[in-house]
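Enquirer: prediction below, plus the sequence it came from.
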Amino acid sequence: MSGQNDTRRLNVFERYLTLWVALCMVVGIALGKLLPGLTDALRRVEFGGGSQINVPIAILIWLMIYPMMLKVDFASVPGVGKRPKGLLITCFVNWLVKPFSMALLGYVFFKHLFGPWIGAELADQYIAGVIILAAAPCTAMVFVWSYLTRGDAAYTLVQVSVNDLLMLVLFAPIVALLVSGASALSVPFSVLVYAVIGFIVIPLAAGAITRRALIQRRGVQWFEQSFLPRFHPIAVLALLATLVLIFAFQADNITKRFFHVVLIAIPILLQVYFNSSLVYGLMMLFRVPHSVAAPGALIGASNFFELAVATAIALYGPESGAALATVVGVLVEVPVMLSVCALCNRTRGWFDASSSAECPAPAPGCCANWSSFAPPADPAASRA
């Protein structure tokens, strides 16, 4: 049973990401309040006057996204046709359900239920932020969630790669459509296109070129075990520094409206549990193996918050309510996703295993069809 019951854990940074985000909030707010001159100077550094694209944050976000894109293997995409059901379900929920359900939840909660407390202007900002968050499917952290649920690593890579390709063409139109439809905000489509180019196309192309060149030269094992780990500290520090800057720019908003952070978290939490349950249920209905179903449910629930933060800042500025809403997504994501992982692990017995490798210790609860992989009974032992 050891193969089935071994405990899989996150590293210290991933396990306590919510704590680090909270600490960044404290440091950022202190910076914004105690050093307002420095904060204003950093806020004004933009790519062109009035572009809203803050140079320090843009560089830091690029340092986060590039290491993620190094993990994407487009050579795995042609193998999609071998097991299409799991991928089709994930894409269906990611692109035809998730952004639209989030727009509906944001409209109901911010425009109506929370409207008297937050006002119409901030309601529109928060709606835009949660829509941008939901329209960006998760990339990097999916590999962590897949590991924790003993997912099929190769299939998870395919799901991430296909979603990244779809994001190139679907992210900007969906954000423009839903934000303009659910709020009174204008959505400059050209800025969205620049965000896609700057934060998806360029790092994705750079990651693909780097990956291909280094694997050809040094091999897959060296690339995955030696080269990729070197970027992890850089990505972590870039994330924390980005959050400190955003909270510094948001210092006045947060100190005056801390209760809004709690309000923003509510529709985000509902969206996570709704979409993960929908994907998981559809996977079970269509008899998809648990090693595909669990990562698929987690992809359908989590978000590419680095892209979301960058886009919200590019559209509405680093001190906007939209930027704050995307950062709240970072704050709640890890503990919520860990609860989804735990549920997936406890319900493994609801799903069939597709091979003996997925059912290494056949027993009740290991998988629904565990008896198919159990060793034949010893006749001598039964007579005894």
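Expert: Yep, it's here. This one's a predicted model, so the numbers in the text were calculated from it and none came from an experiment. Numbering: from 1, shown residues only.

Enquirer: list the contacts for Leu270?
Expert: Leu105 (C-beta atoms under 8 Å, 6 or more residues apart in numbering). (Glycine included, C-beta is placed from N, CA and C.)

Enquirer: which SSE is immediately downstream of the host helix or strand of it?
Expert: Leu270 is part of helix 258-285 when elements are defined by DSSP states H and E. As assigned by DSSP H and E, the chain's next helix or strand after helix 258-285 is helix 290-301.

Enquirer: before we move on, back to that, and the angle for the helix holding Leu270 with helix 290-301?
Expert: Interaxial angle of helix 258-285 relative to helix 290-301 (axes from the mean of the first three to the mean of the last three C-alpha atoms, to 10 degrees): 150 degrees.

Enquirer: show me what counts as buried in helix 258-285.
Expert: 260-261, 263-268, 271-272, 274-276, 278-280, 282-284 (16 or more other C-beta atoms under 10 Å).

Enquirer: could you give the mean pLDDT of that helix?
Expert: The pLDDT scores in helix 258-285 average 92.

Enquirer: three-state assignment of Ile65?
Expert: helix (DSSP: H, G, I helix; E, B strand; the rest coil).

Enquirer: whoops, Pro318 was the one
Expert: Following three-state DSSP, we place Pro318 in the coil state.

Enquirer: not counting stretch 29-45 itself, show me its contacts.
Expert: Outside of stretch 29-45, the residues within contact range by C-beta under 8 Å, 6+ apart are 54-56, 244-245, 247-252, 254-255, 318-319.

Enquirer: from the chain's centroid, how far away is that stretch?
Expert: Offset of stretch 29-45 from its chain centre (C-alpha atoms, centre = their mean, to the nearest Å): 29 Å.

Enquirer: straight-line length of that stretch, end to end?
Expert: Start-to-end span of stretch 29-45 (C-alpha to C-alpha, to the nearest Å) is 19 Å.

Enquirer: could you give me the buried positions within that stretch?
Expert: Neighbour-count burial for stretch 29-45, with 16+ other C-beta under 10 Å as criterion, is recorded at 29, 31-32, 39, 42-43.

Enquirer: distance of Glu224 from Val292?
Expert: 21 Å (C-beta to C-beta, to the nearest Å).

Enquirer: these two: who's more crowded?
Expert: Taking other C-beta atoms under 10 Å, Glu224 and Val292 do not tie; Val292 has more neighbours (26 against 14).

Enquirer: could you pull up the residues touching that one?
Expert: 83, 86, 151-152, 155, 283.

Enquirer: next one: it from Trp145, what distance?
Expert: For Val292 relative to Trp145 (C-beta to C-beta), the value is 13 Å.

Enquirer: need the overlap of contacts for those two.
Expert: In contact with both Val292 and Trp145: Gly151, using C-beta under 8 Å, 6+ apart.

Enquirer: how far away from the center of its chain is stretch 37-48?
Expert: 28 Å.

Enquirer: mean confidence score for that stretch?
Expert: Average pLDDT, stretch 37-48: 80.
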